[in-house]
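[1] Just to be clear, the model below is a prediction. Sequence and coordinates:
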Amino acid sequence: MSNQAYNPYDNMLSVLSEAASLLGLSYNDYATMCYPERELKVSIPVRMDDNTIKIFEGYRVQHSSARGPYKGGIRFHQDVNIDEVKALAAWMSFKCAVVNIPYGGAKGGIKVDPKQLSRDELIRLTRRYTTRILPLIGPDQDIPAPDVNTNGEVMAWIMDTYSMFKGHCVPGIVTGKPIEIGGSVGRVEATGRGTTIIAYECMKACGMDDKNARIAIQGSGNVGGTAARIFAANGQKVVALSDYTGGVYCEHGLPVENILEFLSDKNHTLDQYLDPGVTHISNAELLSCGCDVLIPAALENQITAENAGDIKARIIVEAANGPTSVEADKILAEKGVIVCPDILSNAGGVVVSYFEWVQNIQNLTWELDEVNSHLKKIMLNAFNEVYQLSVEKQVSLRMAAYMVAIKRISIAGKLRGGPISLA
């Protein structure tokens, strides 16, 4: 999808303004949510394996601390830019508020294609980036986590770098760490698991029989792959799945476990997958394929005004951040497509990140059943609150989710005294 005319931060502001208006708020009531509290841009010099020095560009944006410490992932991607990171930080604020966990929102990123770097180069890049953002982060200040093209290993490098500067081990500085150094069981699967919890509730609310539901998932990483595995295990037909090279489709249901096992080899991509019952399709074709539930679990700006009219799904559950443009939302609403917004449906990751952080600061370890049980309870409570408001106010699920989040952030700001003048 082309991103040339798309600004994710403008997209966020448009939805924020509409939701605030529906709440009857004046601009003064939500003005602070329109601007990040802090934006940091850093240059990151890295010695490459050939002994040359290359300078990378990195960011850390802190959107809101009204409800608690900043929380948000760090992504490594060649298309990262400040507007994207600002939007992602704001979405994190709303996401934490809608599921009612005591965090504000932040996000970080480095403009880099990690596939072009060796492991040693990635380690040096990550450590130097950590030193650049060190004054802004801390276990009670700003807690990073994995995002696109980062994982538990990258979080371990950040934790180690931060701990070296502090002179002692600080596991609570990041979440999404390997279990062996303070990570939480269930964290890797949390976003995908939370997405399925919300998807089943959406199907139930729409009167759809989930046993016969056909699911299409754009993306097969941690989020898309976990969701596909859960759906297939529960008897749903996953008819389409994709990665960055394209997708595969089978109207009778894909062999999900076989595909994910194939992709577990990092040298394998879906365009290489061969099966006589499977048809190869593009990512664009996946979005418009025959299915009941569509789950975009890749990058933002995938469903636009250009392709929204071609979508056949009755329900869209946003597992990626910002996959649907404002213009596409209007087209989908006219078609009667139910869209469950990212700030609700993909919040499972930050919920279990919160559990990990709680375990770290209290020196506790939870069992998987306990983690998943608490996750399900929080996701269901959030969905029910958003759905009931949607019905009561006759607004979309996206507007209802934003209304819940904005109200919580606004109340927190007012209780703390609102904008403070030092004049």
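    Perfect, thanks for sending it.
[2] show me where the protein has helices.
    8-22, 27-30, 82-98, 119-133, 152-166, 190-205, 222-233, 256-263, 283-287, 326-335, 342-345, 348-362, 368-393, 397-415 (DSSP state H).
[3] hmm, who's touching the last one?
    By Cβ atoms under 8 Å, 6 or more residues apart in numbering, the list of residues contacting helix 397-415 from outside reads 15-16, 18-20, 22-23, 25, 29-30, 32-33, 64, 66-67, 93-95, 97-98, 100, 329, 338-341, 343-344, 382, 385-387, 389-390, 393, 395, 419. No exception for glycine: its C-beta is placed from N, CA and C like everyone else's.
[4] Spit out the contact partners of residue 260.
    Applying Cβ under 8 Å, 6+ apart, we find residue 260 in contact with 220, 225, 228-229.
[5] make that residue 304, sorry
    By Cβ under 8 Å, 6+ apart, the contact set of residue 304 is 1, 6, 325, 327-328.
[6] From residue 412, how far out is the closest residue to residue 87 other than its chain neighbours?
    Setting aside the residues directly before and after it, residue 87 is nearest to residue 8 in space (Cβ to Cβ, 6 or more residues apart in numbering), at 3.7 Å. Per Cβ to Cβ, to the nearest Å, residue 8 is found 24 Å from residue 412.
[7] same deal with residue 164?
    Counting by Cβ to Cβ - residue 164 and residue 412 are separated by 35 Å.
[8] Save the contacts of residue 304 as JSON lines, and put in neighbour count, distance to residue 153 and pLDDT too.
    Output for those, formatted as JSON lines (neighbours: other Cβ atoms under 10 Å; distance: Cβ to Cβ, whole Å; pLDDT from 0 to 100):
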{"residue": "1", "neighbour count": "17", "distance to residue 153": "29", "pLDDT": "42"}
{"residue": "6", "neighbour count": "18", "distance to residue 153": "31", "pLDDT": "79"}
{"residue": "325", "neighbour count": "23", "distance to residue 153": "33", "pLDDT": "91"}
{"residue": "327", "neighbour count": "16", "distance to residue 153": "38", "pLDDT": "93"}
{"residue": "328", "neighbour count": "23", "distance to residue 153": "35", "pLDDT": "95"}
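[9] bridging residues for the nearest residue to residue 110 once chain neighbours are set aside?
    Once flanking residues are discounted, residue 110 sits nearest to residue 58: 4.4 Å by Cβ to Cβ, 6+ apart. With DSSP bridges as the criterion, residue 58 is bridged to residue 42, residue 110.
[10] My guess is residue 58 contacts residue 126. True?
    No. Checked against Cβ atoms under 8 Å, the pair residue 58 and residue 126 is beyond contact range at 10.1 Å.
[11] burial of residue 97, as a residue count?
    31 (other Cβ atoms under 10 Å).
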